[in-house]
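>>> The sequence and its predicted three-dimensional model are supplied below.
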Amino acid sequence: MSTNKKILIIEDEKAIAQALELKLVHEGFEAKAVFNGEEGIRLLQNETYALVLLDLMMPKMDGFMVLKIMNEKKIQTPVAVLSNLSQDEEINRAKALGVKEFFVKSNMTIAAIVEWVARFLA
């Protein structure tokens, strides 16, 4: 499978991460879920992904730090944020770090996120 269909999910809520992973795989993507930012960065340095789905609030390393490190290391993978943070300040901070889309988890279904991914990577 080509790298244009490979998606990395960095999300500490395992139920959400695994549901996304299953739904994306079902839709024909190659998806991998990891549950902290450190693991996500390690994978991004060693593999090429078409897209990262990134939670902001995580233990060890939060999503903002992941974005900062991606920028520092010139990791060009597009990122969509999945977060329960919905303040303009957080949204603007994430977008300033290069995020393509910002989803508020409580407002989005897994299916809607997967539909957006399919359109984004079409």
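Perfect, I can see it now. Bear in mind the structure is a predicted one, so any value in this text is a computation, not a measurement.

>>> Number of residues surrounding Met108?
Each residue near Met108 was counted by other CB atoms under 10 Å, and the total is 12. To be clear about C-beta, it is placed using only N, CA and C from the backbone, and glycine gets the same treatment.

>>> Lys60: neighbour count?
For Lys60, using other CB under 10 Å, the count is 11.

>>> oh, I was asking about Val34
Counted with other CB under 10 Å, Val34 comes out at 19.

>>> so who does it touch?
8-10, 17, 40, 43 (CB atoms under 8 Å, 6 or more residues apart in numbering).

>>> which of these are buried?
8-10, 17, 40 (16 or more other CB atoms under 10 Å).

>>> Go through these and say which is closest to Met58.
The closest of the buried ones among the contacts of Val34 to Met58 turns out to be Ile10 (CB to CB; 7.4 Å).

>>> Could you check which helix or strand contains the residue nearest to that closest one when sequence neighbours are not counted?
Closest residue to Ile10 apart from its sequence neighbours, by CB to CB, 6 or more residues apart in numbering: Gly40 at 3.6 Å. Using DSSP states H and E, the element containing Gly40 is helix 37-46.

>>> The protein: strands as residue ranges?
Using DSSP state E, the strands of the chain run over 6-10, 30-34, 51-55, 79-83, 101-104.

>>> re the thing from before, which pair in the contacts of Val34 spans the largest distance?
Longest span within the contacts of Val34, CB to CB: Ala17 and Leu43, 13.4 Å.
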